[in-house]
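>>> Sequence first, then the predicted structure, then my questions.
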Amino acid sequence: MPMKSKSAAKPQKRIFVVEDHPVFSEGLVSLINAEKDMVVCGMASDGASALNEIVKLQPDLALVDLGLPKKSGLELIKDVRARKLPVKLLVVSMFDEAIYAQRVLRAGGDGYIMKQEDPPELINAIRDVLNGHIYVSEEVLASSKGDSPDSENDPNTVLLKKLSDTELEILELLGEGKSNEQISKNFELTAAELKAKCIEMQQKLNLDCFNSLVRFAVRWVVSSHG
């Protein structure tokens with residue numbers, strides 16, 4: 001009697017990790033590889049090399065940090081979508097979800113989870129996104145439906161929503177203490193172009209000078225990352 005062949009094992013979902021903090025990156029790798037149905041197929045520590053690797057490896061899902069060198073997480077998401085790659089994109093970030101989640105979804109991301117979440121919830125988020133769902137917190141979901149007015153919770157959230165994606169990223173870098181030269185190089189802007197953007201940001205945030213903009217940026221980075 002011919003032996004029955006065992007059913008082929010279900011192929012593992014291939015996950016690519018984009019994270020510039022080595023300790024957190026290694027933690028993600030260990031967490032994912034401990035699951036039977038998924039495996040890390042590659043890693044990158046900056047947005048530029050991540051795009052090249054994602055194009056080459058074609059993973060099922062990429063975990064993306066937002067605060068990346070050379071190319072931000074938002075820029076990476078937009079570039080992946082511009083190439084019409086089928087990879088799912090889940091942001092794992094310490095940046096304020098209330099400010100960034102909707103921007104990530106508009107850019108083409110499939111979900112947003114904070115780094116402070118417990119590991120089992122991260123695995124749950126990955127599986128949700130792999131299954132074709134959008135993953136965000138209940139608070140963001142309520143806000144998108146108009147059930148949670150920002151004006152009653154945090155006036156700064158309303159102001160920050162006036163900024164473009166690039167302006168918000170510039171504000172982030174100012175708050176992290178980056179110099180004008182570093183920021184100009186990061187966004188390929190001239191000194192005059194950066195100055196013009198900062199003046200426009202001051203107007204949107206109701207600030208009277210560049211020093212006020214820097215102080216606002218520092219306070220926001222400290223509060224949102226704390």
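Yep, that arrived. Residues are numbered from 1 along each chain as shown.
>>> Do you have the helices of this protein handy? List them.
Under the criterion DSSP state H, the chain carries helices at the ranges 22-33, 47-57, 73-82, 97-107, 119-130, 138-144, 150-153, 155-160, 165-175, 180-187, 191-204, 210-225.
>>> which stretch in these has the least confidence?
Ranked by mean pLDDT, the helices of the chain end with helix 150-153 at the bottom, a mean of 48.
>>> Give me the residues contacting stretch 13-23.
Counting by C-beta atoms under 8 Å, 6 or more residues apart in numbering, stretch 13-23 makes contact with 25, 28-29, 32, 37-47, 50, 53-54, 57, 59-65, 67-69, 73, 76, 87, 92, 126, 130, all of which sit outside it. Any C-beta I mention is one placed from the backbone N, CA and C, and that applies to glycine too.
>>> What distance do you get for L213 to V140?
Using C-beta to C-beta, to the nearest Å, L213 is found at 27 Å from V140.
>>> Same question for S223.
Noted for S223: a distance of 18 Å to V140, by C-beta to C-beta.
>>> Could you check which of the two has the larger neighbour count?
V140 (19 against 12; other C-beta atoms under 10 Å).
>>> I'd like the distance between that one and A101.
Distance from V140 to A101, counting by C-beta to C-beta: 5 Å.
>>> Now do the contacts for Y100.
Applying C-beta under 8 Å, 6+ apart, the residues near Y100 are L66, L74, V91, S93, Y112, L168.
>>> per-domain residue ranges of this structure.
Under the assignment named as automatic domain parsing, the residue ranges that make up the domains of the chain are 13-144, 151-225.
>>> Buried deepest among the ones you listed, which one?
Burial among the domains of the chain, expressed as mean neighbours by mean count of other C-beta atoms under 10 Å, is greatest for domain 13-144, which shows a mean of 18.
>>> re earlier: how about the helices of the chain in CSV, adding distance to K13?
CSV is the format used below for those (distance: least, C-beta to C-beta, whole Å):
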stretch, distance to K13
helix 22-33, 9
helix 47-57, 13
helix 73-82, 17
helix 97-107, 21
helix 119-130, 6
helix 138-144, 25
helix 150-153, 35
helix 155-160, 34
helix 165-175, 29
helix 180-187, 33
helix 191-204, 40
helix 210-225, 30
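>>> Disregarding flanking residues, what is the spatial nearest neighbour of L66?
In space, L66 comes closest to G73 once its chain neighbours are excluded; the distance is 3.7 Å by C-beta to C-beta, 6 or more residues apart in numbering.
>>> ok, the residue nearest the centre of the chain to S93 distance?
Nearest to the mean C-alpha position of the chain, counting by C-alpha atoms, centre = their mean, stands L66 at 3.4 Å. Using C-beta to C-beta, L66 is found at 4 Å from S93.
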